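>>> sequence isn't available, so here's the structure alone:
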């Protein structure tokens, strides 16, 4: 009897947890639906619609025939090679400075991080006003000190692109410095103490202790910075507007130029041609993160 009763009760006891788990799965899936709808409406649909607009081969023929497109590609490559490497190298050096525990360095680090914390629009536009050739603070100071008129800083394509890269470096440098500081703090202090006992110099400590520990983080940050820089719209557009004569455009701002000319197909095509640069970087990034 007891075995028969247990055999009868056991199925009912097993059904309750199963049905309860089924209810939780139902409500869990229901809660995910709004996020899926938001993703589909604001991410998936715009991407698919943009690819559909850029489906015509004639759009790419017209794009290649535009000399501004090739200038934008060159500017993008220069931006990636120069700005990112300078930014990451300076961040690596500054991370060794800010990792020190002195009280005045902590205060200085709080001031240093402000450019990254404040919004891009007011900061970049304020620099643009400072570079104004007529009433900007830089040329006004030059005139008061020398009696000479200052140059038109943003009217020269080389200077304008250089200032745009400086703005990008200045704006994003604190973030990457903070990332590398966190990497340095993860290195055990006993290794540096042992190296000091052995008489190692600062360069030897960096070469044999800091850099091997930071190399993976540095390369990963470099790849991620390249992906973000390819989409950096603010540094160029807010400072130069792509000028003078559309000679400082990068791929991230070239689409706006075509939109202003009411050439939507070329705008989408200029974004699609950037995918061969973005997708390999995304692949490398995901491959490194999966290790």
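Alright, I've got the coordinates. Since the model is a prediction, treat every value here as computed from it, not as a measurement.
>>> ok, residue 138 touching residue 127?
No: under the criterion of C-beta atoms under 8 Å, residue 138 lies out of contact with residue 127, with a separation of 9.7 Å. (Each C-beta comes from the backbone N, C-alpha and C, glycine too.)
>>> looking at the two, which has the bigger crowd around it?
Residue environment comparison for residue 138 versus residue 127 gives the larger neighbour count to residue 127, 19 against 16, counting by other C-beta atoms under 10 Å.
>>> element containing that one, please.
Of the helices and strands defined by DSSP states H and E, residue 127 is found in helix 120-130.
>>> buried set for that helix?
120, 123, 124, 127, 128 (16 or more other C-beta atoms under 10 Å).
>>> again, but for stretch 128-141
Under 16+ other C-beta under 10 Å, the buried positions of stretch 128-141 are 128, 131, 132, 136, 138, 139.
>>> tell me the centre residue of this protein?
Among the residues of the chain, the one closest to the centroid is residue 228, at 2.8 Å (C-alpha atoms, centre = their mean).
>>> let's verify that one: helix, strand, or coil?
For residue 228, the secondary structure call by DSSP: H, G, I helix; E, B strand; the rest coil comes out as helix.
>>> contact partners for it?
Contacts of residue 228 were listed using C-beta atoms under 8 Å, 6 or more residues apart in numbering, and they are residue 172.
>>> give me every residue that touches residue 163.
Applying C-beta under 8 Å, 6+ apart, we find residue 163 in contact with 127, 131, 153, 154, 239, 240.
>>> residue 54: which of those is nearest?
Taking C-beta to C-beta as the measure, residue 240 is the one of the contacts of residue 163 closest to residue 54, at 25.7 Å.
>>> in JSON lines, list the buried residues of stretch 128-141 along with distance to residue 52 and pLDDT.
Formatted as JSON lines, the entries for the buried residues of stretch 128-141 read as follows, by distance: C-beta to C-beta, whole Å; pLDDT from 0 to 100:
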{"residue": "128", "distance to residue 52": "36", "pLDDT": "91"}
{"residue": "131", "distance to residue 52": "40", "pLDDT": "89"}
{"residue": "132", "distance to residue 52": "42", "pLDDT": "87"}
{"residue": "136", "distance to residue 52": "44", "pLDDT": "86"}
{"residue": "138", "distance to residue 52": "46", "pLDDT": "90"}
{"residue": "139", "distance to residue 52": "48", "pLDDT": "89"}
